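In: return atomic coordinates for the entry below.
(chains A and B)
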Amino acid sequence: MKIATWNVNSVKARKERLLAWLAKHSPDVFCLQELKTEDARFPLEEVRAAGYEAALHGQKTYNGVAILSRTPMRDLRAGLDDGVDDAQARLIAATVGDLRVLSAYVPNGSEVGSDKWAYKLAWLERLAAYLERHHDPGQRLLLCGDLNIAPDDSDVARPDEWKDSVLCAPPARAAFQKLVRWGLCDVLRQAHPQGGVYSWWDYRMLGFPKNNGLRIDHILATPELAKLARSAQVDRDERKGQSPSDHAPVVAEFAL
DNA sequence: ATGGTTGCTTAGCAA
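Out: Numbering: from 1, shown residues only, chains lettered A, B, ... in the order given. Predicted coordinates for the structure are as follows:
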């Protein structure tokens, strides 16, 4: 079973790339982030024609997440489901077979110390509470998406340049470790323990040509599921060419 | 070097 996650940075701007990627890689489950569009404007017919069902939690202009699946999904849940008044569409969950799948777009946080930074840390706390409330580490659970955290310096091409950023600051990394301690394994790290694998390169300052990358997109799995991982990688080629997203897809194969 | 680029929406925000 092939699982993938990709921050597309606008599904409308990336429609042709998305359809081409589906045709080429045929993931069984594909988590998407930053759709930047309402559900009614998602290219549903084209995605269906490619052989996928879609669970959508869209939003105009910003955010928006989805899960695509070749087989039927059930028990869809959008949002953090905690009663907080929050208009930002950043989480959707669905069950595929006996697998619970979460597609998450964690807030970027802008600058350390800003209001957006506080929202990021609060959102991560709410995500941890969501896991406690709805799940346990004994289940087959996948948390996929743009978590906007580079867990370790080995996930950053230029650690000194990024150490004070919202992607690397200690409170963000501590929030990631809290998810790990709860019972989520970092499947991509497991496949590349030496690091040096990146999933995002800033459009600015020639980020990709200089390979000034960070690993902020993740496939996390509960322990029994992580043991079934057979491969995990970043499709770095998707970052190349005309009109790429600033993120590359992360792909993992499971013996399921 | 508070720079630089992209997308959405149309001047300014978010990343």
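In: tell me where the stretch 1-150 of chain A has helices.
Out: A:15-25, A:44-49, A:115-134 (DSSP state H, counting those that start in this stretch).
In: give me the neighbour count for A:Val84.
Out: 10 (other CB atoms under 10 Å). Every residue, glycine included, has its C-beta placed from N, CA and C.
In: how close does it sit to A:Cys185?
Out: Distance, A:Val84 to A:Cys185, by CB to CB, to the nearest Å: 28 Å.
In: go on, A:Ala169?
Out: 23 Å.
In: what do you get for A:Val11?
Out: Taken as CB to CB, the span from A:Val11 to A:Cys185 is 29 Å.
In: more neighbours: which of these two?
Out: Ranked by neighbour count (other CB under 10 Å), A:Val11 and A:Cys185 place A:Val11 first, with 23 against 18.
In: please name the nearest non-neighbouring residue to the more buried one.
Out: With CB to CB, 6 or more residues apart in numbering as the criterion, A:Val11 has its nearest non-adjacent residue at 4.4 Å, and that residue is A:Leu35.
In: wait, the one you found touches A:Ser10, no?
Out: Yes: using CB atoms under 8 Å, A:Leu35 makes contact with A:Ser10 at a distance of 7.3 Å.
In: which one's more surrounded, those two?
Out: Neighbour comparison, A:Leu35 and A:Ser10: the larger count goes to A:Leu35, with 28 against 14 (by other CB under 10 Å).
In: mind showing which ranges of the stretch 151-256 of chain A have poor pLDDT?
Out: Filtered on pLDDT under 70, the stretch 151-256 of chain A yields no residues whatsoever.
In: residue numbers of chain A in contact with DNA strand B?
Out: Residues of chain A lying close to DNA strand B (CB under 7 Å from any atom of the strand) are A:9-10, A:12-13, A:36-37, A:60-62, A:107-110, A:116, A:203-205, A:243.
In: out of the residues you listed, which are buried?
Out: Buried members of the residues of chain A next to DNA strand B, scored by 16 or more other CB atoms under 10 Å, are A:9, A:36-37, A:107-109.
In: now these as a markdown table including pLDDT?
Out: Putting those into a markdown table (pLDDT from 0 to 100) gives the following:
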| residue | pLDDT |
| --- | --- |
| A:Asn9 | 98 |
| A:Lys36 | 98 |
| A:Thr37 | 97 |
| A:Pro107 | 98 |
| A:Asn108 | 98 |
| A:Gly109 | 97 |
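In: now the closest residue to DNA strand B within chain A, nearest residue through space, not along the chain?
Out: Closest contact between chain A and DNA strand B, by CB to the nearest atom of the strand, is at A:Ser10 (3.1 Å). Leaving out its chain neighbours, the residue that sits closest to A:Ser10 by CB to CB, 6+ apart is A:Lys36, at 4.4 Å.
In: list the contacts of the one you found.
Out: By CB atoms under 8 Å, 6 or more residues apart in numbering, the contact set of A:Lys36 is A:9-12, A:59-64.
In: also A:Gly138?
Out: A:Gly138 is in contact with A:222, A:224, counting by CB under 8 Å, 6+ apart.
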